[in-house]
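Chemist: Model the structure of this input:
(one chain, ligands or ions: 1)
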Amino acid sequence: MRVAVSGAAGAMGQRMIALIASAPDMELAGAVDRPDHPDLGKDAGVLARVGELGVPLAGELTDKPDVAIDFSAPAATLAVARQCAGMGVPLVIGTTGLSGEERAELAEAVACSIPVLLAANMSLGVNLLLRLVEVAASALPGYDVEIIEAHHRRKKDAPSGTARELANRLLQALGRDEEALLYGREGTVGARTSEEIAIHAVRGGDIVGDHTVIFAGEGERLELTHRASSREVFAQGALRAARFLVQQGPGLYSMADVLG
Ligand code: NAD
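Modeler: Predicted structure coming up:
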């Protein structure tokens, strides 16, 4: 399978390239990053410290791959998605922070012509956590729910895409709408309402990604926590998603489809 990587010079892009280079059934077919990236033209394998792969870092996708994987930034994601739609190339998207309009374009325009998988978190553990919080929310009516996420200092979007997804699952399970969400608290905010769900974002150092959902009642609290200690889990999940996606028809898919 010939795989192109978008955001190829970034932390996740480099992991993807290293993993593709070590996979017997995969070949790197393209490495795309910002058109003004200082490493443009350098061998993508050398940049990812896995040795020459004969694929230079480029400002856009040129050769048609079998599948593309994007871990970049929302503006780049939409550009790559339009290009993949034009070329008929399935696309795995791990980039977070997409706006409602960007997600709508992916769902309505792009996914009509190609298979697109959109997942804020590709790890098996987080996808199980998404299910577990639904179970806990239904089983603990009246408990106060809060979400805490922590990521490395370079992360650009807050709260994380995974925290947003956790919040969406909780809203659905509890029958509340988006107005119940708060993003941190400051000042004399008064007592907590029973409806609100606050999301708190911590940033620092090299934290790969932690997510905790707290269900607090009278006399007890339940905390469900996932901690990623390596980006490897996300990269492995993205390759699993790519193998799944090349066998699908046009449409919008999630990790739940991949993991069954
Ligand atoms: P990073 O900042 O290390 O890398 C992002 C890369 O995208 C950089 O090389 C940057 O130059 C490139 N880029 C930015 N704008 C671009 C443009 N207009 N055109 C082409 N390339 C562009 O970030 P990262 O840690 O690798 O994360 C990238 C994205 O993946 C983030 O949105 C992050 O939240 C998300 N992420 C998702 C998962 C998941 O499991 N879905 C896991 C980790 C990270």
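
Chemist: How about the residues of this protein by the ligand?
Modeler: Residues of the chain lying close to the ligand by CB under 6 Å from any ligand atom are 7, 9-13, 33-34, 37, 71-73, 75-76, 94-97, 119-122, 154, 234. (Each C-beta comes from the backbone N, C-alpha and C, glycine too.)

Chemist: Give me the buried entries from these.
Modeler: By neighbour count, with 16 or more other CB atoms under 10 Å, these hold 7, 9-10, 12-13, 33-34, 37, 71-73, 76, 94-97, 119-122, 234 as buried.

Chemist: quick one: which of these sit in helices?
Modeler: Met12, Gly13, Ala76, Phe234 (DSSP state H).

Chemist: Out of these, give me the two with the largest separation.
Modeler: Using CB to CB, those span at most 17.5 Å, a distance reached by Ala76 and Phe234.

Chemist: so who does Arg103 touch?
Modeler: Leu118 (CB atoms under 8 Å, 6 or more residues apart in numbering).

Chemist: Quick check: the gap between the one residue in the chain that gets nearest to the ligand and Asp33.
Modeler: Nearest to the ligand, among the residues of the chain, is Gly10, at 1.9 Å (CB to the nearest ligand atom). Using CB to CB, to the nearest Å, we find Gly10 at a distance of 7 Å from Asp33.

Chemist: and what of Val116?
Modeler: 21 Å.

Chemist: how about the helices of the stretch 101-250 of the chain, start to end?
Modeler: Assigned by DSSP state H, counting those that start in this stretch, the helices in the stretch 101-250 of the chain fall at 124-139, 161-174, 232-245.

Chemist: and the second one with helix 124-139, angle?
Modeler: Put plainly, it is helix 161-174. 30 degrees (axes from the mean of the first three to the mean of the last three CA atoms, to 10 degrees).

Chemist: For helix 161-174, name the packing helices and strands.
Modeler: Here helix 161-174 touches helix 124-139, strand 144-151, strand 197-203, strand 209-216, going by 3 or more CB pairs under 8 Å, 6 or more residues apart in numbering; DSSP states H and E.

Chemist: looking at the chain, which residue lies furthest from center?
Modeler: Gly219 (35.5 Å; CA atoms, centre = their mean).

Chemist: ok, that one - contacts?
Modeler: Taking CB under 8 Å, 6+ apart as the definition, Gly219 has no contacts.

Chemist: Give the phi and psi angles for it, as a check.
Modeler: Here is the backbone geometry of Gly219 (degrees, to the nearest 10): phi 90, psi 0.
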